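A.B. asks: Can you look at this prediction? I've put the sequence above it.
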Amino acid sequence: MNFKVVLAVVLLAVAATVGYSSFKKTMTPYIGFAEARTASGLVQVNGKLADKDYVLKAQEQFLRFNLRDEQGTVMPVEYRGVIPGNFDQAVSVVAIGKYQGDHFEAQQLLVKCPSKYQAEAEKAAKGKAS
Amino acid sequence: MNRTSLTTALALVVPSLLVGGALVAGGVLNWGQVACWIAFFSALTAGFAWFATLLGRDGAGAIARAAYRVQWLALLGGAVFLWWILFKHQFQYQYVHDYSSRDMPAKYVYAAFWGGQEGTFLLWALLTTTLGLLLMRLKHALTQPSMFFLNLPVIMLTFVGVVRGPFLASREAYVEGVGLNPLLQDWWMTIHPPVLFTGFSSFVVPFAIACAALLKRDWDGWVKVVMPWVVLSTAVQATGFIMGGVWAYKVLGWGGYWGWDPVENGSLIPWLANIGLLHGLLVQRATGSLRRTNYFLAVTSYVLVLYASFLTRSGVLADFSVHSFAASDEWRIPGGLGGFLLSLIGMASITGYGLLLSRLREIPKATQALGAFSRESFMWLGQLVFMLMCALVAVGMSAPLITRLFGPPSNVQTSYYNLVNGPLAIALGLLLGIAPLLRWRQHEPESFVKAALPAAAFAVLGAIVAVVAGVRQFIPGAIVFAMAFALAANFMVTLRGFRSGWKHGVAYLGHMGASVLLIGVIASSGYGLATQVQLPRGQQKHALGYDLVFRGMERDQEGKDHAIIAVNGDGRAFTANAKFYWSEYNQGYMKKPHIERFLTHDIYISPLEMVGGDAGGGTWFGVGETKKVGNIIYTFQSFLPEPGEGRMKLTANVIADIGGRTVPLKPSMEVSMASAQRTMTPAYLPSGGTVSIITADPNNGGRVMLALPGTERDRASETLAVEVSTKPFINLVWLGAVVMLASAFLSMIRRVLDLKRAPIQVQKADNAA
């Protein structure tokens, strides 16, 4: 076989292998709370703040709150790091991490606080659809 | 001919203006919508006329061109009208209300044009049509059919202008607009989107020329025609995302210039396909091979533009991106932009890939196969690397869609992109160095080794420097080695090229820029230090060898707060001034980092959060009592005690009135019975700052002492959390980018000159012998 074809096949094989394994390794599935409790590796959960009964220690960079998913299941979440300032206003929280012991240990928090304007626009868009 | 054009133009313009004028007078439409309708009808007319030319009616060409010019004028008129209503603050237009306001500086009013989806579609249509106007000037057999294919997406874009244009009436009678998202209120907003959109739009031209060439069975002639356009796309698109990188780095405070966000990936994948096409065309011109691959890539780069627009604008990724543009439901709405973009993708793929498949057997193979050890085989491998990078990035950004097929939708972390592109970057660097050293057709291995030796020596030196500087992993080290090799090899070839005229050196100069850029990327993103530190006001803290003192907040003329931090270290004392203010629009802090530049590195100080202090004193409130502090009126309503086992939790029910908007606040205090230790949980104010309980007196009628923002005691205990990081050799990134862009634009000039000069010299021009 031609030398350059061999090189091309090697390149393809390496790219496919690295691509496939990296994809599997870095995938953080969006899953339900029940699955999150048993999943291994990093997962992504999202939900709403279940209540305002959370512990927030800004100085110690510690946050513990209850997250409720669409089914109404509640799961405690803990997070260590700089706390998003608009946490209190969150309408939806995405937590990336894994379940440990009695809680979900989040490594990363994405807090979505759509502004009142965006909420208005979304309402309008939905109105148009129906 | 001239009479035909005039008649066509008049036949389109006069009735449209009459009908449009009547509709405007009747209040049914406005002039913006009339312009959109004229553009749409003209595009349709041009489309039919060009279709007639494809069937052999050459006379229709004049009609098509006239209609096309009318359409361009109508779109331009629409754009001018949009700017006019923006500058006149005509809030009876929903778009004006949604993306501008009276208090916005003129430059942002101007930029509000592309602040929302509808405006960007108008801009897209206008830019595509403008590029077509340039293509139309070329006297070539492929021009007419190319214009037919270019006009196809234009018909669809102008149709969007008609149904979803930025000229819809407001739903309510507004007297003030919402304004532009503060995130976008930056100088870069005035320049970056138009450049990126020009790049995005420009991919239509190679697509159209490739389709025309396939239709006309032009296997090689199209290469010369398409070349300047492909280089144009490379240059403009790269300018666009490099600008985006600078914006992200200097303003948005993400800590980097590139975050593998869907929006960034979306601008990268068509570019990778396009640069693969560029190198494929060079091979085809010199050796006659890669014909089918080149058609495929020309079609694919445009399909990828559309696919990327679909991913970022339809909202399918809304749950996965921090910077999604659309409402998350946009793609589900019938007639929404998501469905429209899907049909555009369908149209472009069916046309492009359909033509390619129908001609696949006819396309002649090269008379001579790619030589084994030759420049073209290594360029072919390089093209393969670009295609693989493109495919793997596309797979990553489509992860939520792909995984949805098999189970719960999930995303890949950004580390995926680094993992997959790392090994490919090594290959790219080596190929980037080897190919320019080789001759077309066949090269003797012995003389190659001789030519490559100095470059290899330089690469070894580069790798040693990297290891000494602290690079310990294989992949980054190997990338530095490969890129150093590419840099040295291309330096030699550039010198040689410039000796025989600037045209022969510019391309290799671009390779040098790319390798410097990638070395800079490795150093600055992989080997910087970063730490988070809390800075209580007035106290000196230490981070990464720097002394930092948070001096407090200052307000600028625009009413935006800046965090002032005195920094000392690295032989320099400076005051960091980082914009950090609460945005009512985003309900979040807007942050702009302070960047202190050194020749070899940057110090990057990015504010993270304002952490409320442990206040030593506060304001007493009785039950039902109301007090005003700053602009906020607080009312303490009641206690909500929650006795628990071994602890007592007390929550104060406080209502804050912020300019007419009431916000419930529930700061709480937990007392452990055993240790009498108290834990305070503050409540966050939407205007920034926190409210927390200092002490409570539930027995004596019920009183609470609150720490409120804006009071002296509170200010003294402000604590700012910042991230301090270093970006080693970030200047190499900018240097490499500038060299790469300069080379791309010079190459474009060169290809335009080539096109103007009648018979092109096929092999001599690029032979690096």
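C.D. replies: Alright, I've got the coordinates. Numbers count the residues shown, from 1 in each chain, chains lettered A, B, ... in the order given.
A.B. asks: Now do the contacts for residue B:148.
C.D. replies: B:47, B:50-51, B:53-54, B:208, B:212 (CB atoms under 8 Å, 6 or more residues apart in numbering or on different chains). Heads up, the C-betas are built off the backbone N, CA and C, glycines and all.
A.B. asks: Can you classify the residue lying closest to residue B:89 once chain neighbours are set aside by secondary structure?
C.D. replies: Counting by CB to CB, 6 or more residues apart in numbering or on different chains, residue B:102 is the residue found nearest to residue B:89 once chain neighbours are left out, at 5.5 Å. What DSSP: H, G, I helix; E, B strand; the rest coil gives for residue B:102 is coil.
A.B. asks: and residue B:102, what does it touch?
C.D. replies: B:89, B:176-177.
A.B. asks: a markdown table please, covering those and showing neighbour count.
C.D. replies: Shown next, in a markdown table, are the contacts of residue B:102 (neighbours: other CB atoms under 10 Å in any protein chain shown):
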| residue | neighbour count |
| --- | --- |
| B:89 | 19 |
| B:176 | 12 |
| B:177 | 25 |
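A.B. asks: And the strands in the stretch 151-300 of chain B?
C.D. replies: Ranges of strands in the stretch 151-300 of chain B, per DSSP state E, counting those that start in this stretch: none exist.
A.B. asks: Pull up the residues of it that are close to chain A.
C.D. replies: B:171, B:178 (CB under 8 Å from any CB of the partner chain).
A.B. asks: Smallest gap between the stretch 151-300 of chain B and chain A, at which residue?
C.D. replies: As assessed by CB to the nearest CB, chain A sits closest to residue B:178 within the stretch 151-300 of chain B, at 4.9 Å.
A.B. asks: Pull up the gap between that residue and residue B:115, please.
C.D. replies: 10 Å (CB to CB, to the nearest Å).
A.B. asks: Give me the common contacts of those two.
C.D. replies: Joint contacts of residue B:178 and residue B:115 (CB under 8 Å, 6+ apart) are B:98-100.
A.B. asks: between those, which is nearest residue B:299?
C.D. replies: Top of the list for closeness to residue B:299, among the shared contacts of residue B:178 and residue B:115 and by CB to CB, is residue B:99 at 34.2 Å.
A.B. asks: Is there a neighbour count for the residue of the stretch 151-300 of chain B closest to chain A? I'd like the number.
C.D. replies: For residue B:178, the neighbour count with other CB atoms under 10 Å in any protein chain shown is 21.
A.B. asks: go on, residue A:54?
C.D. replies: 17.
A.B. asks: Repeat that for residue B:406.
C.D. replies: Quick note: residue B:406 (other CB under 10 Å) scores 8 neighbours.
A.B. asks: quick one, helices of chain A?
C.D. replies: Using DSSP state H, the helices of chain A run over A:3-26, A:33-38, A:116-129.
A.B. asks: Just give me the lowest mean pLDDT stretch among these.
C.D. replies: Mean pLDDT is lowest for helix A:116-129 out of the helices of chain A, coming in at a mean of 36.
A.B. asks: Identify the residue nearest residue B:668 in space, chain neighbours excluded?
C.D. replies: Nearest to residue B:668 is residue B:651, by CB to CB, 6+ apart, at 4.1 Å.
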